[in-house]
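Asks: Provided below for reference: sequence and predicted model.
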Amino acid sequence: MEAELVGLASSGATTLVGLMVSDAWTAVRGRMARFLSRSAEGDDENETVLGELESSRAELTTARADGDNGLARDVEAQWRIRLRRLLAADPGAAAELRALLDELAPPRDEGRYEVVHNEVSGGRQNVVVQGRDFSRLTFGGRGGPPAEPGPGGR
């Protein structure tokens, strides 16, 4: 399978799992079930897929409550494999999945984030931490005790 379809299946699984644990799930589950059961005929297959989706959602909800990230990754992997198989079997499914993901993806706030490009070169490498709301970062190294936080540190 070409890399683009593998990436699409991965993106689809990530979006699907994210939607399962969101408030939007009830609005999109039927559409996802119809897409996933597109190769089969009849309402029976659609109901079967709906059941599988709800079972996965229950697993994710339990995993999230228990802090079990491994189970959440397993559920995502199952749907990624299923999407890869569907895309391999039905070349027309890729365009439909792309359109579905474009529609279901959260809106981008283009003005809110800036693109940052970093390059590291030279013989000595220093740690760079980029983000916001860091507190009490500690890095191993030689020397004495960690320095007190500076202005704005917590």
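Replies: Yep, it's here.

Asks: can you give me the strands in the chain?
Replies: With DSSP state E, there are no strands along the chain.

Asks: ok, longest helix in it?
Replies: Ranked by number of residues, the top helix in the chain under DSSP state H is helix 43-66.

Asks: export that one as PDB, just CAs?
Replies: What follows is helix 43-66, C-alpha atoms only, in PDB (Å, rounded to 0.1, in the frame of the first residue of the first chain):
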ATOM      1  CA  ASP A  43     -28.400  -2.300   7.200                       C
ATOM      2  CA  ASP A  44     -27.200  -5.400   9.100                       C
ATOM      3  CA  GLU A  45     -23.500  -4.500   8.400                       C
ATOM      4  CA  ASN A  46     -24.100  -0.900   9.300                       C
ATOM      5  CA  GLU A  47     -25.600  -2.000  12.700                       C
ATOM      6  CA  THR A  48     -22.700  -4.300  13.200                       C
ATOM      7  CA  VAL A  49     -20.200  -1.500  12.600                       C
ATOM      8  CA  LEU A  50     -22.200   0.800  14.900                       C
ATOM      9  CA  GLY A  51     -21.900  -1.800  17.600                       C
ATOM     10  CA  GLU A  52     -18.100  -2.200  17.100                       C
ATOM     11  CA  LEU A  53     -17.700   1.600  17.200                       C
ATOM     12  CA  GLU A  54     -19.700   1.800  20.500                       C
ATOM     13  CA  SER A  55     -17.700  -1.000  21.900                       C
ATOM     14  CA  SER A  56     -14.500   0.800  21.100                       C
ATOM     15  CA  ARG A  57     -15.900   4.000  22.600                       C
ATOM     16  CA  ALA A  58     -16.700   2.200  25.800                       C
ATOM     17  CA  GLU A  59     -13.100   0.800  25.900                       C
ATOM     18  CA  LEU A  60     -11.700   4.200  25.400                       C
ATOM     19  CA  THR A  61     -13.900   5.800  28.100                       C
ATOM     20  CA  THR A  62     -12.800   3.100  30.500                       C
ATOM     21  CA  ALA A  63      -9.100   3.500  29.500                       C
ATOM     22  CA  ARG A  64      -9.300   7.200  29.900                       C
ATOM     23  CA  ALA A  65     -10.800   7.000  33.300                       C
ATOM     24  CA  ASP A  66      -8.100   4.400  34.400                       C
END
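
Asks: Provide the contact partners of that helix at residue level.
Replies: With contacts defined as CB atoms under 8 Å, 6 or more residues apart in numbering, helix 43-66 is touched by 17, 20-21, 25, 29-30, 32-34, 36-37, 40, 68-72, 75, 78-79. C-beta: built from backbone N, CA, C; applies to glycine.

Asks: Before I go, just wanted to say thanks for your time.
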